[in-house]
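[1] Got a sequence here, can you build the structure:
(2 chains)
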Protein chains: 2
Amino acid sequence: MDPNATTPPPTSAGLPDDGLTTRERRLRPALIVNTGEGKGKTTAAMGLALRAWHQGWSIGVFQFIKSGRWVSGERIALETLGAEHQRTGAGGEVCWFATGAGRRWVQDPDAEPAQVDAARNAWQEVKQRLAAQRHRLYVLDEFTYPVNRGWLDLAEVVETLRDRPGVQHLVVTGRAAPPELTEIATTVTEMTKRKHPFDTGQKGQAGIEW
Amino acid sequence: MDPNATTPPPTSAGLPDDGLTTRERRLRPALIVNTGEGKGKTTAAMGLALRAWHQGWSIGVFQFIKSGRWVSGERIALETLGAEHQRTGAGGEVCWFATGAGRRWVQDPDAEPAQVDAARNAWQEVKQRLAAQRHRLYVLDEFTYPVNRGWLDLAEVVETLRDRPGVQHLVVTGRAAPPELTEIATTVTEMTKRKHPFDTGQKGQAGIEW
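    Modelled structure (predicted):
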């Protein structure tokens, strides 16, 4: 049994001599990367969006691969919270962009150009919204795929995210986050697969996988 | 750059010869463990609850350490979805039990008995609800702490979870999940810390950490 099991989560003991006040340190814009082969990258981003919603933050979710024809449970639920914001003023707004073209390109090279266009359009939208400080939290879901495929220019992505104005938080998900991206991140978590249901023939199921 | 970056998520190729039909395999009750030192264990569980809500499932969230006096963003957001279910019939119900006594026992041994009682009461509630098949998804948040501290009997916990009746899904979160628990799990993800904001003096902030 791990003796660490009962220690509390890390706290900010040992503050660096960076000249920031506690308040400034508390408000530092976060760039969170959820990567690795395991499950939980997207669901952790969506769980974070719940916290952001409660703070009344404007939330923009950009799904770079999933197409809008496939509507997930997390989308319906978060859009329900967005509608609640419209109706009662509680929480924050939720803007959802599932502008991908799906995973068809994996089997069918002819489908790749449509996905390339979709990813580049979504990225232009993100860039414009970051420049306009449109949201307080951005979820860039499955963003590492178009970056790693070379559909987006990595140097431009890094510069845009690093130099974003104001206090805009970002969560990026996807396997194999490139080092240039984790370098500028404030938090990097690798979801490591210890046991994956699909490895033992389990089928994906509604309510669990989507 | 990882060549796996653009492969799709694992699919259930290579089905085992276990005599199950595809439908049975799809409906197998899940026991998901989110463990490790990194961030995202609880948020991933809450993101999964969004999918469950969309399926119309009854959801029971049991927070074994957090006390009800500290109301998190994810709680408010998910309870808002539960209220939406009451109001319109959309989604599923959400029952939330934050019955812990907080982390005071870490610094103050005198506070431990209250937390032990709280954890044992919460566990009795979970046991009764599992026996009654009260929920379709259970989130046992920070459950590994009372187990690893010996406040709950590990053998009884394993037997109860393993032998639960019907189709009841569970997500367990917390560091250092014991091997006896991961052994009976269908999915185990370790959230591995690559970079943690508190390590560089970042303070926890609303909307991100709660």
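[2] does any bit of the lengthiest helix in chain A sit next to chain B?
    In chain A, assigned by DSSP state H, the helix with the most residues is helix A:112-131. No - contact of helix A:112-131 with chain B (CB under 8 Å from any CB of the partner chain) is absent, the minimum separation being 10.1 Å. The way it works is simple: take the backbone N, C-alpha and C, and place the C-beta from them, glycine included.
[3] Buried residues, that helix. List them.
    Within helix A:112-131, the residues scored as buried using 16 or more other CB atoms under 10 Å in any protein chain shown are A:Q115, A:V116, A:A118, A:A119, A:A122, A:W123, A:E125, A:V126, A:R129, A:L130.
[4] Repeat that for stretch A:42-56.
    Across stretch A:42-56, burial judged by 16+ other CB under 10 Å covers A:42-55.
[5] residue boundaries of the helices in chain A?
    A:22-26, A:41-54, A:73-88, A:104-107, A:112-131, A:144-148, A:154-162, A:179-184.
[6] so can I have CSV of those showing mean pLDDT?
    Converted to CSV, the helices of chain A look like this (pLDDT from 0 to 100):
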stretch, mean pLDDT
helix A:22-26, 67
helix A:41-54, 98
helix A:73-88, 98
helix A:104-107, 77
helix A:112-131, 95
helix A:144-148, 96
helix A:154-162, 98
helix A:179-184, 97
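[7] I'd like the ones you listed as CSV, with distance to A:M191 appended.
    As requested, those are exported to CSV (distance: least, CB to CB, whole Å):
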stretch, distance to A:M191
helix A:22-26, 26
helix A:41-54, 5
helix A:73-88, 16
helix A:104-107, 21
helix A:112-131, 22
helix A:144-148, 13
helix A:154-162, 21
helix A:179-184, 14
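[8] Please name the bridge partners of the residue nearest to A:E125 when sequence neighbours are not counted.
    Leaving aside its sequence neighbours, A:E125 sits nearest to A:F97 (CB to CB, 6 or more residues apart in numbering or on different chains; 6.5 Å). Beta-bridge pairing of A:F97 under DSSP bridges involves A:F62.
[9] gap between A:F97 and chain B?
    From A:F97 across to chain B, the span is 18 Å (CB to the nearest CB, to the nearest Å).
[10] which one of the buried residues of helix A:112-131 sits closest to chain B?
    Nearest to chain B among the buried residues of helix A:112-131: A:Q115, at 10.4 Å, using CB to the nearest CB.
[11] Correct me if wrong: A:I59 contacts A:E74.
    No - in this structure A:I59 lies outside contact range of A:E74 using CB atoms under 8 Å: 12.0 Å.
[12] list residues touching both of the two?
    Shared contacts of A:I59 and A:E74, defined by CB atoms under 8 Å, 6 or more residues apart in numbering or on different chains, are absent.
[13] ok, and what's touching the longest helix of chain A?
    With CB under 8 Å, 6+ apart as the test, helix A:112-131 has contacts from A:60, A:62-65, A:67, A:97, A:99-102, A:104-105, A:134-135, A:138, A:140, A:145-146, A:149, A:151-152, A:157, A:160-161, A:164-165, A:168.
[14] When you filter these down to buried only, what's left?
    Using 16+ other CB under 10 Å as the burial test, these include A:60, A:62-65, A:67, A:97, A:99-102, A:105, A:135, A:138, A:140, A:145-146, A:149, A:151-152, A:157, A:160-161, A:164, A:168 as buried.
[15] Convert the longest helix of chain A to CSV, retaining C-alpha atoms only.
    Only the C-alpha atoms of helix A:112-131 are listed here, as CSV (Å, rounded to 0.1, in the frame of the first residue of the first chain):
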residue,chain,number,x,y,z
GLU,A,112,-8.4,13.6,-45.4
PRO,A,113,-8.8,17.0,-47.2
ALA,A,114,-12.2,17.6,-45.7
GLN,A,115,-10.8,17.0,-42.2
VAL,A,116,-7.8,19.3,-42.9
ASP,A,117,-10.1,22.1,-44.0
ALA,A,118,-12.4,21.5,-41.0
ALA,A,119,-9.4,21.7,-38.6
ARG,A,120,-8.0,24.8,-40.2
ASN,A,121,-11.4,26.5,-40.0
ALA,A,122,-11.8,25.6,-36.4
TRP,A,123,-8.4,26.9,-35.6
GLN,A,124,-9.1,30.2,-37.3
GLU,A,125,-12.2,30.5,-35.2
VAL,A,126,-10.2,29.8,-32.0
LYS,A,127,-7.6,32.4,-33.0
GLN,A,128,-10.2,35.1,-33.6
ARG,A,129,-11.9,34.4,-30.4
LEU,A,130,-8.7,34.4,-28.4
ALA,A,131,-7.7,37.8,-30.0
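[16] got the angle for that helix vs helix A:154-162?
    30 degrees (axes from the mean of the first three to the mean of the last three CA atoms, to 10 degrees).
[17] The longest strand anywhere in chain A to helix A:41-54, inter-axis angle?
    Looking across chain A with DSSP state E, the single longest strand is strand A:187-195. Counting by the same axes, to 10 degrees, strand A:187-195 points 140 degrees away from the direction of helix A:41-54.
[18] Does strand A:187-195 reach chain B?
    Yes - Strand A:187-195 is in contact with chain B by CB under 8 Å from any CB, via A:T187, A:V188, A:T189, A:E190, A:M191, A:T192, A:K193, A:R194, A:K195.
[19] Most widely separated two among the buried residues of helix A:112-131?
    Farthest-apart pair in the buried residues of helix A:112-131 is A:Q115 and A:L130; separation 22.3 Å (CB to CB).
[20] Skip the chain neighbours and tell me the closest residue to A:I184.
    A:R162 (4.7 Å).
[21] For that neighbour, grab the count of nearby residues.
    When neighbours are counted by other CB atoms under 10 Å in any protein chain shown, A:R162 registers 13.
[22] and if you look at A:A176?
    18.
[23] Quick check: it vs chain B, distance?
    Distance of A:A176 to chain B, given as CB to the nearest CB: 4 Å.
[24] Quick one, grab the pLDDT at that residue.
    What the model reports for A:A176 is a pLDDT of 97.
[25] wait, it sits on A:E142?
    No - the criterion here is CB under 8 Å, and A:A176 misses it with A:E142 at 11.5 Å.
[26] Show the contacting residues for the closest residue in space to A:T187 that isn't next to it in sequence.
    Among residues not flanking A:T187 along the chain, A:I32 sits closest, at 4.4 Å (CB to CB, 6+ apart). By CB under 8 Å, 6+ apart, the contact set of A:I32 is A:45, A:48, A:169-172, A:185-189, B:39, B:208.
[27] would JSON lines of those with distance to A:H85 be doable?
    Below are the contacts of A:I32 laid out as JSON lines (distance: CB to CB, whole Å):
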{"residue": "A:A45", "distance to A:H85": "19"}
{"residue": "A:L48", "distance to A:H85": "17"}
{"residue": "A:H169", "distance to A:H85": "18"}
{"residue": "A:L170", "distance to A:H85": "21"}
{"residue": "A:V171", "distance to A:H85": "20"}
{"residue": "A:V172", "distance to A:H85": "24"}
{"residue": "A:A185", "distance to A:H85": "28"}
{"residue": "A:T186", "distance to A:H85": "27"}
{"residue": "A:T187", "distance to A:H85": "26"}
{"residue": "A:V188", "distance to A:H85": "30"}
{"residue": "A:T189", "distance to A:H85": "28"}
{"residue": "B:K39", "distance to A:H85": "26"}
{"residue": "B:I208", "distance to A:H85": "19"}
